[in-house]
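Undergrad: sharing a model prediction with you, sequence too.
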Amino acid sequence: MATRQELVLTGARALRRQVDRQRRWSSATLWTGVAIIGIAVVAGVFTSFLAPSPPNQQNLLAAFQAPSGSHLFGTDAYGRDVFSRTLYAIHVDLIFGIVGTYVPMVIGMVLGAIAGFYRGWRDSLIMRLADVTIALPFIVLVLAIVAIVGPGLKGVYIGIIVVSWALYARLTRAEMLVLREQQFMMASRALGYSTPRILFRHALPHLIRPNLVFSMADIVLNILVLASLSFLGVGVQPPTPELGAIVADGQQYLLTAWWITTLPGLVLVFIGVGFSLIGDGLADRFGRRLELPR
Amino acid sequence: MAEDVLTIESLNKRFRLDRSLGAWLHRAPARTVTAVDDVSLSVPRGHVLGIVGESGCGKTTLARCVVRLVEPDGGQVRLDGQDLLALSRAQLRAVRKRVQLVFQDPYTSLNPRLTIGAAIAEAARVHQIVDRAGERGYVLEMLELVGLSSEFYDRLPRALSGGQRQRAVIARALAVKPEVLIADEAVSALDVSIQAQILNLLRRLTDELGLATLFIAHQLAVIANISDSVAVMYLGQIVEHGSTREIFRSPQHPYTRALLAAHPEPDPDRRRTEPAVRGDIPSPLDLPNGCRFHTRCPHAQDKCLTPPPVVDLGEGHQARCVVLPYAEGRVAPATPPPDADR
Amino acid sequence: MTNVPEPLSPMAAAPPDSPDESLLDIRGLTVAFPTRSGLAVAVNDVSLSVAAGETKGIVGESGSGKTMMCRAVLGLIPQPGAILAGEILWKGQDLVTASKRDMRRVRGSQIAMIFQDPASALDPVFTVGDQIAEPLRVHRNMSRKSAQKEAIDLLGHVGIPSARERSHSYPHELSGGMRQRAMIAIAIACRPDLILADEPTTNLDVTIQDQILGLLSDLQREFGMAIVLVSHDLGVVAQNADDVAVMYAGYAVESAPTKLLFSSTRHPYTAGLIKALPTVNIDAQRTMLSPIPGQPPALDHLGSGCPFAPRCQYSAERCLQVDMSLVRVADQHDTACPFALEVMSGDG
């Protein structure tokens, strides 16, 4: 008699545990990412308070010092404090990561939404443009722009905005094609709402989530792009600190002064992992819902 | 009879299919799907016109043509004498509020991010039916009209069941004070116990607000319950049209009879017999010649191979059949004989 | 905390009608899904038996658990749901505890399933003929050639014209009705003893529904298989089933031979459903239908007692104590409402 009841109760408990475990795991992912990026943002915003010395202050007498209490990350060939330079570099890289991701995202979302909503010639025009942009090798394009405007952050910003919008436009258009068939979109038309109202008030909010998830991976990529361009010498120009540039500077001393390259490199890895974890956590939270299958 | 609010006259809609590259190279003619073929109907105030038919019969396209969510190829849709098809896009937007649609799927017809109150308020605000101050009161009034309590004002659609959502959709439609309500399969996705609630609601609203309601469904029993008159559609055409009583008591088109026979009545004493009709519905890409039902019709004869005229059976009852009304003596053979050249 | 209603009834409350004859015997089946807001009990202590060769109708609205019960029989409960308790006896063998190998042997060859949506239940990249031949080759070790030949015979059998050509068609080349016929051909390929038909005609037009139901009853007469016909449509069940079980919120609330169910209804929910149904009989049509007030309960927030009580016209304080086990009110007629005879006697 009691056995059936016990069975049901233990089974129910096991199911709950399983679901709780999944939920805890996905929120642990999200919050770990948020914590890492939180630290990076604090470092990037309050750089001048946190840095022990200005980024470009040279002290040739103190060159190649190993990490210690006074120089957390050691010093480089000019005796500059690598920790301070790293903090300033985080500032530069985060701003680039965020601006270089969200400006193209807004442009891409608007263009993609228009393409998917109107279809027809607007769609063809915008999407063929996107195809061309995506087909161009990015580094070659940036090199070409740099050749025109001269080396420096400006060229990289222009290059990234010219290229990155296309992926967001594709993503948004695909989502829009699904969305426009939803009956509430048709209902909005039948209610006599204007097209801008339908597009911006009723459609766009639904398109933000997938773009946001994608943008987390994109920020990481963009920071890496800046780092590799700086590494190649066409990005941020010395002596401005930038993580890729610092890594590049230190690589010739890798065997004698490993810290110049390794420690800022690890910081770069942590920031990358942080954004990826947020992306995964958001994808879990937005995408998968535990609901009773119908 | 009351004046007709909505009049549809010889409405046509064909969809042209995109040709494949191969077909284009072979200069094959573009294929067209006939969705709505020469449909004429009218709905007076306080009247429910039921449109029944199976998938592909064009009933949904018809509804969408009326509000120009789909642009018809020809014909007229008159609202109080004004031809909607002659309006420019900008003029149309203002007129659209007078004809409101309720869709089949209550799960996707509300924006999942707007609260019920906000969705209804927006509709009223866009058409300047209330000012900001009176907005909340107006929305609550609309909610009450469809039987939702004020606690639904701040809820999101996902917190509502299917039936409650459909009520909210109806409230939103009514908020712009329409004269015509088109319910396109509005109860098909609902459970039986809830379906009856919504049917009663639509009937009551039609009577109380003097709406002209076009009620589209594939379930005969639902149509029989709510409609004052019924049009039966098959492959884009209206094959029979008349008062609900006439259509269900003495159907004069074999297709109407087939629908009735196939309808599963909840009566265990009426066990299944032979299937009412054989064969599949022909593709609307490739319509049969003559009477469109002749490929499945148990009464088909040679004369059915020419397009049948509409036979008038009196009191507004019409059927597009040249066999049954004569065979059953509803029309004397002397009255206009089926004209082969029509 | 869980929301499993207590106390749970002993399963002995509803003994199978004739244990020796029953092919499938479900006892005290409980299936649950974890959700954000708690545990949703989709099937709650349901007992049911199906005799060889009979048609058992299961009627219920969405969320009543009818589909989950069918799926449980074949061990196809979607993640993260699980069977928490109960037995599913197939010819005496418990399928809940059966090994994967034993389960595979039963699936498809002894018990076959027909789904609601033939468009997605058929694989779009294989021809219909291949898909019918596949179970024959898997379960009956037929050669490719003879399986293909048998597939064509089966297609003809389920009323698909020019079966030989059609066996080379892909699912998208067939109409909805033809696809469902092909699904049925796959289901009967191994001559199963039981077919689970889950809303087999819900997506079809009424004239096609009529043909498919006719086909199923013809095949049943020919092969003597049992059918579990799951539907939300009382009319479909009324005209096709020998016995009917009515489900509500995961519980079986009434079970009876079809005629008895309609002529002397013994559960307020069944009675409400029948009254809410519009009819094509224009003379008997009431101008206003009598809907069941309110909404079905959320399965993760079931309180104690009868889940129908909040919508029931006869509900009273005592309904909170009802344990939802079936009570026998007449020969072969069970109801979960212990007050049915008292409150509903006379009307039907």
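TA: It's in. Note that this is a predicted model, so its numbers are computed, not measured.
Undergrad: any part of the longest helix seen in chain B near chain C?
TA: Using DSSP state H, we find that the single longest helix of chain B is helix B:192-209. Yes: in terms of CB under 8 Å from any CB of the partner chain, part of helix B:192-209 sits within range of chain C, namely B:192, B:193, B:194, B:195, B:196, B:197, B:199, B:200, B:203. For every residue, glycine as well, the C-beta is placed using N, CA and C.
Undergrad: do you know the pLDDT at residue C:50?
TA: If you check residue C:50, the pLDDT there is 94.
Undergrad: you'd agree it is in a strand?
TA: Yes: under DSSP: H, G, I helix; E, B strand; the rest coil, residue C:50 sits within a strand.
Undergrad: next SSE downstream of the longest helix of chain B?
TA: Per DSSP states H and E, the first helix or strand lying C-terminal to helix B:192-209 is strand B:212-217.
Undergrad: neighbours around residue A:169, how many?
TA: 28 (other CB atoms under 10 Å in any protein chain shown).
Undergrad: buried residues, the helix or strand it falls within. List them.
TA: Here residue A:169, judged by DSSP H and E, is contained in helix A:153-179. Within helix A:153-179, the residues that count as buried by 16 or more other CB atoms under 10 Å in any protein chain shown are A:153, A:155-160, A:162-173, A:175-176, A:179.
Undergrad: and stretch C:37-44, what's buried?
TA: If you call a residue buried by 16+ other CB under 10 Å, then stretch C:37-44 has these buried ones: C:38, C:39, C:40, C:41, C:42, C:43, C:44.
Undergrad: which element is the closest residue to chain A within chain C on?
TA: Residue nearest to chain A within chain C: residue C:84 (3.5 Å; CB to the nearest CB). Element membership for residue C:84, per DSSP H and E: strand C:82-90.
Undergrad: what is that strand packed up against?
TA: Counting by 3 or more CB pairs under 8 Å, 6 or more residues apart in numbering or on different chains; DSSP states H and E, the packing neighbours recorded for strand C:82-90 are helix A:2-45, strand C:22-35, strand C:38-51, helix C:66-73.
Undergrad: chain A contacts on chain B?
TA: Contacts of chain B with chain A, taken as CB under 8 Å from any CB, map to B:67, B:69, B:93-97, B:99-101, B:103-105, B:108-113, B:122-123, B:126-127, B:169, B:172-173, B:176.
Undergrad: those residues in helices, which ones?
TA: Per DSSP H, those map to helices at B:93, B:94, B:95, B:96, B:122, B:123, B:126, B:169, B:172, B:173.
Undergrad: any of the residues you listed buried? List them.
TA: Listed as buried from these are B:93, B:96, B:122, B:123, B:126, B:169, B:172, B:173; burial here means 16+ other CB under 10 Å.
Undergrad: pLDDT added to those residues, as TSV?
TA: Output for these, formatted as TSV (pLDDT from 0 to 100):
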residue	pLDDT
B:93	83
B:96	85
B:122	92
B:123	91
B:126	89
B:169	94
B:172	94
B:173	93
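Undergrad: what's the burial count for residue B:286?
TA: Neighbours around residue B:286, by other CB under 10 Å: 9.
Undergrad: tell me how far it lies from chain A.
TA: Distance, residue B:286 to chain A, by CB to the nearest CB, to the nearest Å: 27 Å.
Undergrad: name the nearest of the residues of helix B:192-209 next to chain C relative to chain A.
TA: Among those, residue B:194 lies closest to chain A (CB to the nearest CB), at 15.0 Å.
Undergrad: any idea how far the residue nearest to that closest one when sequence neighbours are not counted lies from residue B:231?
TA: Take residue B:194 and drop its neighbours on the chain: the residue closest to it by CB to CB, 6 or more residues apart in numbering or on different chains is residue B:163, 3.6 Å away. Residue B:163 is 27 Å from residue B:231, where distance means CB to CB, to the nearest Å.
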